[in-house]
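Visitor: Give me coordinates for this.
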Amino acid sequence: MTIYDIAREAGVAASTVSRVINNKPGIKTETRRRVQELLKKYNYIPDAAARGLVMQSSRLVGILIVDIRVAHHVDSAFVIEQELTKRGYCCIIMSTGPRDADKAEYIRILEQRRVEGVILMGSMFETEAVEESIKKHLPKVPIVMVNGYLKLPNVSGVIVDEDTGVGKCVDLLWKKGKTRIAFVLDSVSPANRRKQQGYCDGMRRHGTGEEGLWLYEMEESSVMAGYEITLRVLDEHPDIQGIIYTIDLVAVGGVRAAWDRGYDVPERLGLVGIDNSIYGEICMPKLTTLDNRLQALSESAATILREGLEGKVQSKKMMMFSEIIEREST
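Guide: Sure thing, here's the model as predicted:
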């Protein structure tokens, strides 16, 4: 059933049916009622692409994620997608992969899709290649980066103070008498480097020298990788008293490794994750974690993007404050 079929049965022009569909004025009450009844009778659904051509609006929002398997970013994308869908936007979610050239290429793909707004999930999009691609392909499209920022006129950022939060995690462990602390980085990104800096600043604030900064980097983010890196930390520093991980998923592997090695958690070894994810709640003992405000962060990103889509003044850079959720592992 097409708009022309509806018009023929209603005895009106196709343009009249179009005006009814788009809730335009200037239609007689009886005509509007007759057309609406036929639309309902035949369950007529307007072609979104065709309407977009007429209205010069795609109502599309692109959400880019480096790795769609990362639960934290997917959860955030879900919140954003739900918020925007409520307001009539359609979101397309794409996984770019870690290569900067591929991230930049996906920006070009979004231009081809005629998106009206973009969400970039995570600080891993804070790269020169992405910045140049935005300048070239999407210079006037409102863009919001979650937990990151690019200094461009059409880009806004919502950032969590994870560096300060990690420093407070260090303070928590020191308060409990745990002064020999390692830091495990699950992947290299601007956000994770900020977390690492927070650890270093916190340790130095307590008088720890450079030799006491035990820094570890991983090649992948998984429970097993967390298990293996923790065994390495315990082998190299058997007198260790605490470990801070950049993500809960990896920390859960650390909890198991400590158990297998006979380290009593938290009496002998305090463990802290970051994300406040479900992983920390279901492991034994339950994991102390730095809550980086996923729900609020995502809702704020959606609001800022919506403001841009509606032509309102966008917040350029919003800072949110993290909070330690203390559980059984400390």
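
Visitor: after the lowest-mean-pLDDT helix or strand in the chain comes which helix or strand?
Guide: Least confident helix or strand of the chain, by mean pLDDT, DSSP states H and E, is helix 48-55 with a mean of 49. Toward the C-terminus, helix 48-55 is succeeded by strand 60-65 as the next helix or strand (DSSP states H and E).

Visitor: tell me what that next one is packed against?
Guide: helix 71-85, strand 90-95, helix 100-112, strand 117-121 (3 or more CB pairs under 8 Å, 6 or more residues apart in numbering; DSSP states H and E). (C-beta placed from N, C-alpha, C; glycine too.)

Visitor: Would you mind finding the most buried of the ones you listed?
Guide: strand 117-121 (a mean of 28; mean count of other CB atoms under 10 Å).

Visitor: quick one: average pLDDT of that strand?
Guide: What strand 117-121 shows for mean pLDDT is 96.

Visitor: So what are the sheet partners of it and their directions?
Guide: If you go by DSSP bridges, strand 117-121 pairs up with strand 60-65 (parallel), strand 143-146 (parallel).

Visitor: Now do that strand: everything it contacts.
Guide: Contact with strand 117-121 is made by 61-66, 73, 76-77, 80, 89, 107, 110, 130, 138, 141-146, 148, 301-302, 305, 308-309, as judged by CB atoms under 8 Å, 6 or more residues apart in numbering.

Visitor: got the residue ranges for the strands in this structure?
Guide: 60-65, 90-95, 117-121, 143-146, 155-160, 181-185, 214-217, 242-245, 270-274, 288-291, 317-320, 323-325 (DSSP state E).

Visitor: want to try JSON lines for these, with distance to Val223 as columns?
Guide: Conversion of these to JSON lines gives the following (distance: least, CB to CB, whole Å):
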{"stretch": "strand 60-65", "distance to Val223": "20"}
{"stretch": "strand 90-95", "distance to Val223": "21"}
{"stretch": "strand 117-121", "distance to Val223": "22"}
{"stretch": "strand 143-146", "distance to Val223": "24"}
{"stretch": "strand 155-160", "distance to Val223": "24"}
{"stretch": "strand 181-185", "distance to Val223": "13"}
{"stretch": "strand 214-217", "distance to Val223": "16"}
{"stretch": "strand 242-245", "distance to Val223": "11"}
{"stretch": "strand 270-274", "distance to Val223": "12"}
{"stretch": "strand 288-291", "distance to Val223": "15"}
{"stretch": "strand 317-320", "distance to Val223": "28"}
{"stretch": "strand 323-325", "distance to Val223": "20"}
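
Visitor: Out of these, which gets nearest to Arg34?
Guide: strand 90-95 (30.2 Å; CB to CB).

Visitor: Show me what that closest one is packed up against.
Guide: Using 3+ CB pairs under 8 Å, 6+ apart, strand 90-95 is in contact with strand 60-65, helix 71-85.
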